[in-house]
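# have a look at this fold, sequence not included:
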């Protein structure tokens, strides 16, 4: 192995989370290894991994896109050289050239509310440009036809609702918890969506 390859591998390990002291010409010492264990993937599994993470990097908001890039770097660092090259030159790729405006709402806060199972108050602008404030129970953030959609239980209507994230002007997380109901509520909502599958996309994209 050449010194150049060694230095490159050390930098890859550092990027993957390993704590390595030292510098070129003086030696290195592994202080703490929090990296993933060595991984074995088939070529098709690598294609699936690269394609899925590339889609998240294109579709996700900045925090999620950055996380997808970090995951790929960490996994790649655990692969043998031959498989590392396959991740760099995968046959399956994602390219999107359209301009995407960042969402108005704090998507990270929405995701945190889902994780913590806490109600949020949102200011929502509907298809008729009418703005309303409502309290909802956030269940999931769905990527549908290049549109971010919040699946939620509306506390006012006591029914399931779909909200386009690009129409959420403001969001505030409350102290009200609905734990541990999120998983069951989401299952119920998905069952309803599946029952009316042919109309689901049109309803969401029209802002109903």
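Happy to help now that I have it. Model, not experiment: these values are computed from the prediction.
# quick one: buried residues of the strand ranked longest in the chain?
Counting by DSSP state E, the longest strand found in the chain is strand 131-144. Buried positions in strand 131-144, judged by neighbour count with 16 or more other CB atoms under 10 Å: 134, 135, 136, 137, 138, 139, 140, 141. To be clear about C-beta, it is placed using only N, CA and C from the backbone, and glycine gets the same treatment.
# tell me where the protein has helices.
3-15, 43-59, 62-77, 81-88, 107-116, 182-195, 197-205 (DSSP state H).
# so who does the nearest residue to residue 94 once chain neighbours are set aside touch?
Nearest residue to residue 94 in three dimensions, chain neighbours excluded: residue 54, at 4.0 Å (CB to CB, 6 or more residues apart in numbering). Neighbouring residues of residue 54 by CB atoms under 8 Å, 6 or more residues apart in numbering: 68, 93, 94.
# could you report the pLDDT at the closest residue to residue 117 other than its chain neighbours?
Spatial nearest neighbour of residue 117, excluding adjacent residues (CB to CB, 6+ apart): residue 179 at 4.0 Å. pLDDT recorded at residue 179 is 93.
# doesn't residue 119 make contact with residue 179?
No. At 10.8 Å, residue 179 and residue 119 do not qualify as touching, with contact defined as CB atoms under 8 Å.
# pick out whichever of those two has more residues nearby.
residue 119 (19 against 9; other CB atoms under 10 Å).
# distance of the residue nearest the centre of the chain relative to residue 184?
Centroid-nearest residue in the chain, with CA atoms, centre = their mean: residue 64, separated by 4.4 Å. Distance of residue 64 to residue 184, given as CB to CB, to the nearest Å: 25 Å.
# still on that earlier bit, neighbour count, distance to residue 84 and pLDDT added to the contacts of residue 54, as a markdown table?
Below are those laid out as a markdown table (neighbours: other CB atoms under 10 Å; distance: CB to CB, whole Å; pLDDT from 0 to 100):
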| residue | neighbour count | distance to residue 84 | pLDDT |
| --- | --- | --- | --- |
| 68 | 19 | 18 | 92 |
| 93 | 10 | 17 | 79 |
| 94 | 14 | 20 | 77 |
